[in-house]
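Chemist: structural data only, the sequence is not supplied:
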């Protein structure tokens, strides 16, 4: 029931160019996990999510959500602390910029960190009319998750964009607050535009950890060969997209359920990132997105039913074989 990639196929859909081949997905048996671990203890929320997941949200459920809609954000839901979850990158960028402006208005010392890029395996030379910036994608997903620029300061809310240490919870998507910026050569502040510091981040229950700059190689544009970027594997994270939050769990979030939701099942994935109703605020609520023609991922529901039937038949065949033996 997770969202497929934007403009991509769901995992159970055979690509057209592979249709003549065996559909390997159809050979899997289903092992269905039925206990909700993320929202355990909040049965009202669990019941609401289960109904939304299959497109059967009731008037009572809708009333519960309407109670969580609010423009009064304070405490854990304040602008400097709350995570907001939006469907589009544009909304995410706009909110992160709003929060940056909020901190600038308080005269916060904000540093701009710029990635160090270079060609390390060039297939052709850069000329005087071609800069290194022009041959490196602006899409962070094509640069190993490392951003070109990062505005950072003590207190900034950030998200890891790389797996650093899974055993310590330092994984892609982990969110925390910057506790200290450690500049090169024991400097007290940024001296050169090329400076890339290390950062101490408070990841809450996962503790405080030092995040170092990371180097990643990837293809340069226009067949220039291989580029390498050295940068902090971090992005600002007062807001994030629903797609990027898949698999993540947070205690508090302000979620968007308005008319910009564009994918089946997006409202369900958005809401279900939060552990409880107490940790939920809704910025905008369009009821038709939750109860209209496409409130849930219908293709995924059909596939789930097929897999359940297949697994039941498979179980009956196994039991029959054991009895006959």
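Modeler: The structure has been received and is ready for your questions. Since the structure is predicted, the reported quantities are computational estimates derived from the model, not experimental observations. Numbering: from 1, shown residues only.
Chemist: ok, the nearest residue to residue 190 once chain neighbours are set aside to residue 199 distance?
Modeler: Ranked by C-beta to C-beta, 6 or more residues apart in numbering and with sequence neighbours excluded, the top spatial neighbour of residue 190 is residue 111, at 4.9 Å. Placement of C-beta: from N, CA and C, glycine included. From residue 111 over to residue 199 the distance is 11 Å, taken as C-beta to C-beta, to the nearest Å.
Chemist: try residue 305
Modeler: 47 Å.
Chemist: okay, those two: which has more neighbours?
Modeler: With neighbours defined as other C-beta atoms under 10 Å, residue 305 and residue 199 compare such that residue 199 has more, 24 against 10.
Chemist: can you tell me the closest non-neighbouring residue to the more buried one?
Modeler: That would be residue 211: by C-beta to C-beta, 6+ apart, it lies 5.0 Å from residue 199.
Chemist: for the one you found, give me its contacts.
Modeler: 160, 164, 170, 198-201, 232-234 (C-beta atoms under 8 Å, 6 or more residues apart in numbering).
Chemist: for the nearest residue to residue 132 once chain neighbours are set aside, phi and psi?
Modeler: Computed as C-beta to C-beta, 6+ apart, the closest residue to residue 132 that is not its neighbour in sequence is residue 117, at 5.0 Å. Phi and psi for residue 117, reported as degrees, to the nearest 10, are phi -110, psi 140.
Chemist: ok, residue 94 next?
Modeler: phi -60, psi -40.
Chemist: that one: neighbouring residues, count only.
Modeler: Neighbour tally, residue 94, other C-beta under 10 Å: 12.
Chemist: circling back to that earlier point, possible to save the contacts of residue 211 as CSV with secondary structure, pLDDT and distance to residue 148?
Modeler: Converted to CSV, the contacts of residue 211 look like this (DSSP: H, G, I helix; E, B strand; the rest coil; pLDDT from 0 to 100; distance: C-beta to C-beta, whole Å):
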residue, secondary structure, pLDDT, distance to residue 148
160, strand, 94, 17
164, coil, 94, 20
170, strand, 94, 23
198, strand, 97, 19
199, strand, 97, 17
200, strand, 98, 23
201, strand, 98, 20
232, coil, 98, 12
233, coil, 97, 13
234, strand, 97, 13
